[in-house]
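Trainee: got a predicted structure here, sequence first:
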Amino acid sequence: MTSPVSRRGLLIAGGTTVVSVAAVAVGATSTSFAAAQTAARVPSLEVTRQARTGAAVVIAWNQALLEIVRTAGLQPPTIHPTRSFALLHAAIHNAVVATTGKGTPYRFAVHAPSGASPVAAAAQAGHDILAALYPAATVDLGHRLADELRALGHTPGRDAGITAGRLTARLLLDLRADDGSAAVPPPLAPGTEPSQYRPTPPANSPAVFTHWSAVRPFLIKRADRFRPEAYPDLASRRYAAAINEVQRLGQDTSGGRSEDQTEQANFWAAPIWNYWNEITQTAIGAEGNDLVRAARVFAQLNLALADAVIAFYDAKYHFRIWRPITAIRLADQDGNPATTANPSWNPLATTPADPSYPGAHSVVSQTAATLLSQEFDPRLRLAVTSDVLPGVTRRFRSLQAIADEAGLSRLYAGVHTRLDHYAGQELGHRLARSVITQPELRP
């Protein structure tokens, strides 16, 4: 057994950091709570009027982050939002484990005194993570926390829960302070040969998140071990079939795309991790109000999605495959007699500023569906809504059906091929299975 050693004033034993709340002098009450009581109220914030219990507190802070990432200008352009979701839910999970004694913590354990409030701990942890990541939202977040803590009242264990939540957030932020996410993205030289990625119209913007494959993963050991198989030869039948399909179905003025396929393309156009967090909210909310389970499921999902994004950027910038708009406009250069160039071809959606292979929607959706199928009935029937098409609801009979449609929607949008979709599903499934077999975050 490894002997405990001191590191930064913490106790490290056998690779797990163990911290006692009682040993950390952070004050008996929440500074953020007191400050928020005197701060001016922001009318746009939807606040809590009654004390949240169980899963509701986890969902509330998940919704707070969804609100932030949907607000223009709040998300740093070179920091991927999935990192924020991972930090938020890892902190909430660890705070809940510390105050309930149930579950396996992520990376470190905080020991809270008996009777510490799990709801107060979760709320404080959620607040502190988001306030650190989004300083511009501090006042709104403070109001949200103040209302939640006020609704709890001065119940026994509230202050100890606040302390546990604050400590958990601080330790997690310290743990991820040097994870590579703050690096300046290096420029990517445009490709010049067939199949090589280059900026796409109309903006021809430089490639984004070129540094993200070097970010330290949360759960997996190496992002490159999940790369899909090599891209097929441009002269192959597989390549021609994939390009011809997206040329027919993904064009802005396509006559071959059905009305339902057009709706799919538009419905799934928002950031895909947002959808899966809302899907998880629905699934959790439908089965009960178990705080421990909700915290664990959200943590595992979002830590895995953060790693999935690191892994797909590793693959994208390893293969550097051109997008459909480039492949179709330059089809006379691919050496394949079965493809036909169309220099005026445009996709239905604006092409993202990164390489095509594998598809991000497919990676994230398959990761989420595989993980959530271990937690819920895989044939769970769900209704999904969209930020892009308000008032439109799409209904599904399984989590896998959601993942399949979300991935293929990008083909109908004209920004990916079926090759990208299948490679993305392969990566997502393998990564999720790797996460499931790990001992962390188990019940």
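Mentor: Here it is on my side, so go on.
Trainee: what's the local residue count around Lys358?
Mentor: Lys isn't right for residue 358; it's Pro. 31 (other Cβ atoms under 10 Å). The C-beta positions use only the backbone N, C-alpha and C, and glycine is treated the same way.
Trainee: quick one: it and Glu229 touch, right?
Mentor: No. Pro358 is beyond contact range of Glu229, at 10.1 Å (criterion: Cβ atoms under 8 Å).
Trainee: give me the common contacts of the two.
Mentor: Counting by Cβ atoms under 8 Å, 6 or more residues apart in numbering, the shared contacts of Pro358 and Glu229 are Ala423, Glu426.
Trainee: so which helix or strand takes in the residue lying closest to Phe396 once chain neighbours are set aside?
Mentor: Computed as Cβ to Cβ, 6 or more residues apart in numbering, the closest residue to Phe396 that is not its neighbour in sequence is Ile402, at 4.9 Å. When elements are defined using DSSP states H and E, Ile402 is found to belong to helix 399-412.
Trainee: what packs against that helix?
Mentor: For helix 399-412, the helices and strands in contact under the criterion 3 or more Cβ pairs under 8 Å, 6 or more residues apart in numbering; DSSP states H and E are helix 237-249, helix 259-267, helix 272-287, helix 360-375, strand 382-385, strand 393-396, helix 418-436.
Trainee: just the CA trace of that helix, in CSV.
Mentor: In CSV, the C-alpha atoms belonging to helix 399-412 read as follows (Å, rounded to 0.1, in the frame of the first residue of the first chain):
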residue,chain,number,x,y,z
LEU,A,399,-31.4,6.2,-27.8
GLN,A,400,-29.6,4.7,-30.8
ALA,A,401,-32.3,6.0,-33.1
ILE,A,402,-31.5,9.5,-31.8
ALA,A,403,-27.8,9.0,-32.4
ASP,A,404,-28.4,7.7,-35.9
GLU,A,405,-30.6,10.6,-36.9
ALA,A,406,-28.4,13.2,-35.4
GLY,A,407,-25.3,11.9,-37.2
LEU,A,408,-27.0,11.5,-40.6
SER,A,409,-28.6,14.9,-40.3
ARG,A,410,-25.2,16.3,-41.2
LEU,A,411,-25.2,14.5,-44.5
TYR,A,412,-28.5,16.1,-45.4
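Trainee: could you give the mean pLDDT of that helix?
Mentor: Averaged over helix 399-412, pLDDT sits at 98.
Trainee: what's near enough to touch the closest residue to Glu375 other than its chain neighbours?
Mentor: Leaving out its chain neighbours, the residue that sits closest to Glu375 by Cβ to Cβ, 6+ apart is Val297, at 5.4 Å. Listed by Cβ under 8 Å, 6+ apart, the contact partners of Val297 are Thr280, Ile284, Leu372, Glu375.
Trainee: again with Gly414
Mentor: When contacts are taken as Cβ under 8 Å, 6+ apart, Gly414 is in contact with 246, 249-252, 265, 324-325, 346-349, 351.
Trainee: go again using 7 Å as the cut-off
Mentor: Val246, Gly250, Gln251, Pro324, Pro347, Leu348, Ala349 (Cβ atoms under 7 Å, 6 or more residues apart in numbering).
Trainee: list the buried ones in the longest helix belonging to the chain?
Mentor: For the chain, the longest helix by residue count, based on DSSP state H, is helix 291-319. Neighbour counts using 16 or more other Cβ atoms under 10 Å place 291-319 of helix 291-319 among the buried residues.
Trainee: could you do stretch 128-141 as well?
Mentor: Using 16+ other Cβ under 10 Å as the test for burial, stretch 128-141 gives Asp128, Ile129, Leu130, Ala131, Ala132, Leu133, Tyr134, Ala137, Thr138, Val139, Asp140, Leu141.
Trainee: over to stretch 137-154?
Mentor: For stretch 137-154, burial by neighbour count (16+ other Cβ under 10 Å) applies to 137-150, 152.
Trainee: do the same with stretch 188-207
Mentor: Buried residues in stretch 188-207, defined by neighbour count with 16+ other Cβ under 10 Å: Leu188, Gly191, Pro194, Ser195, Tyr197, Arg198, Pro199, Thr200, Ala207.
Trainee: A helix includes Ile129, no?
Mentor: Yes. Under DSSP: H, G, I helix; E, B strand; the rest coil, Ile129 falls within a helix.
Trainee: tally of neighbours for the closest residue to Arg381 other than its chain neighbours?
Mentor: Counting by Cβ to Cβ, 6+ apart, Arg397 is the residue found nearest to Arg381 once chain neighbours are left out, at 5.5 Å. Applying other Cβ under 10 Å, we find 12 residues neighbouring Arg397.
Trainee: hmm, Arg397 is touching Arg379, no?
Mentor: Yes. With contacts defined as Cβ atoms under 7 Å, Arg397 counts as touching Arg379 at a distance of 6.3 Å.
Trainee: so what's Arg395 up against?
Mentor: Arg395 is in contact with Ala383, counting by Cβ under 7 Å, 6+ apart.
Trainee: try 8 Å
Mentor: Arg381, Leu382, Ala383, Val384.
Trainee: just the strands in the stretch 1-150 of the chain please.
Mentor: According to DSSP state E, counting those that start in this stretch, the stretch 1-150 of the chain carries its strands in the segments 5-7, 10-13, 16-20, 108-111.
Trainee: thinking again about what came up before, got the helices and strands packed on helix 399-412 as CSV, with mean pLDDT and distance to Tyr106 columns?
Mentor: Compiled in CSV, these are given as follows (pLDDT from 0 to 100; distance: least, Cβ to Cβ, whole Å):
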stretch, mean pLDDT, distance to Tyr106
helix 237-249, 98, 39
helix 259-267, 98, 33
helix 272-287, 95, 17
helix 360-375, 98, 15
strand 382-385, 97, 27
strand 393-396, 98, 30
helix 418-436, 98, 12
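Trainee: for Gly73, which of the ones you listed is the nearest?
Mentor: helix 272-287 (16.9 Å; Cβ to Cβ).
Trainee: packing partners of the closest one?
Mentor: Under the contact rule (3+ Cβ pairs under 8 Å, 6+ apart), helix 272-287 is packed against helix 55-69, helix 81-100, helix 291-319, helix 360-375, strand 382-385, helix 399-412.
Trainee: only the buried residues of the fifth one, if you could.
Mentor: Within strand 382-385, the residues scored as buried using 16+ other Cβ under 10 Å are Leu382, Val384, Thr385.
Trainee: closest one of the residues you listed to Pro76?
Mentor: The nearest one, if we look at the buried residues of strand 382-385 relative to Pro76 and count by Cβ to Cβ, is Thr385, at 26.9 Å.
Trainee: identify the bridge partners of the closest one.
Mentor: For Thr385, the residues forming beta bridges with it (DSSP bridges) are Thr393.
Trainee: can I assume it is in contact with Thr282?
Mentor: No. Between Thr385 and Thr282 no contact is recorded; they are 9.6 Å apart, counting by Cβ under 8 Å.
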